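Enquirer: Next comes the sequence, and after it the predicted model I'd like to discuss.
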Amino acid sequence: MLFLARMDVTFPESMSDETKAEFMAREKEYSGNLQRTGKMRDIWRVVGEYSNYSVYDVADNDELHAILSGFPMYPYMKIKVTPLAQHPNAIK
Ligand SMILES: O=C(O)C[C@H]1C=CC(=O)O1
């Protein structure tokens with residue numbers, strides 16, 4: 001099953017730059033592992049925002065929830081998930 005997720009990240013004003021850098025490093029590792037295993041098919045930055053669109057290829061809603069809630073930044077994310085189906089006009 002394919003899902004599109006939009007993630008908007010907002011860190012608390014009080015969070016130090018050092019802590020933010022630690023979150024970013026942990027996030028990069030987690031995200032890289034998902035991409036290497038094929039669970040995350042794609043990730044794109046939203047221009048001008050600390051947000052992304054990413055596509056997940058997972059067995060079911062439960063697997064997607066486990067993946068999303070495992071992101072180190074999850075407590076600071078607003079996530080909107082859209083289930084995807086084949087488009088009849090797609091040529092690939
Ligand atoms: O930079 C981001 O968009 C935040 C975060 C969410 C997934 C990921 O790889 O990084």
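Expert: Perfect, I can see it now.
Enquirer: Show me where this structure has its strands.
Expert: 2-9, 40-45, 51-57, 77-84 (DSSP state E).
Enquirer: low-confidence ranges in the protein?
Expert: Along the chain, no part satisfies pLDDT under 70.
Enquirer: Residue of the chain closest to the ligand, please.
Expert: residue 31 (3.1 Å; C-beta to the nearest ligand atom). Placement of C-beta: from N, CA and C, glycine included.
Enquirer: got the residues of this structure near the ligand?
Expert: Taking C-beta under 6 Å from any ligand atom, the part of the chain that reaches the ligand is made up of 7, 9, 27, 31, 43, 52, 71, 73.
Enquirer: measure the first one to residue 72 for me?
Expert: So that's residue 7. Separation of residue 7 from residue 72 (C-beta to C-beta, to the nearest Å): 12 Å.
Enquirer: do the same with the second one
Expert: Residue 9 sits 11 Å away from residue 72, taking C-beta to C-beta as the criterion.
Enquirer: ok, now residue 86?
Expert: Counting by C-beta to C-beta - residue 86 and residue 72 are separated by 33 Å.
Enquirer: what about the two, which has more around it?
Expert: Neighbour count, other C-beta atoms under 10 Å: between residue 86 and residue 72, residue 72 has more, with 17 against 7.
Enquirer: Nearest residue to that one in space, please, no chain neighbours.
Expert: Leaving aside its sequence neighbours, residue 72 sits nearest to residue 26 (C-beta to C-beta, 6 or more residues apart in numbering; 4.0 Å).
Enquirer: And for that neighbour, the neighbour number?
Expert: Other residues near residue 26 number 13, with proximity taken as other C-beta under 10 Å.
Enquirer: Residue 77 too?
Expert: With other C-beta under 10 Å as criterion, residue 77 counts 18.
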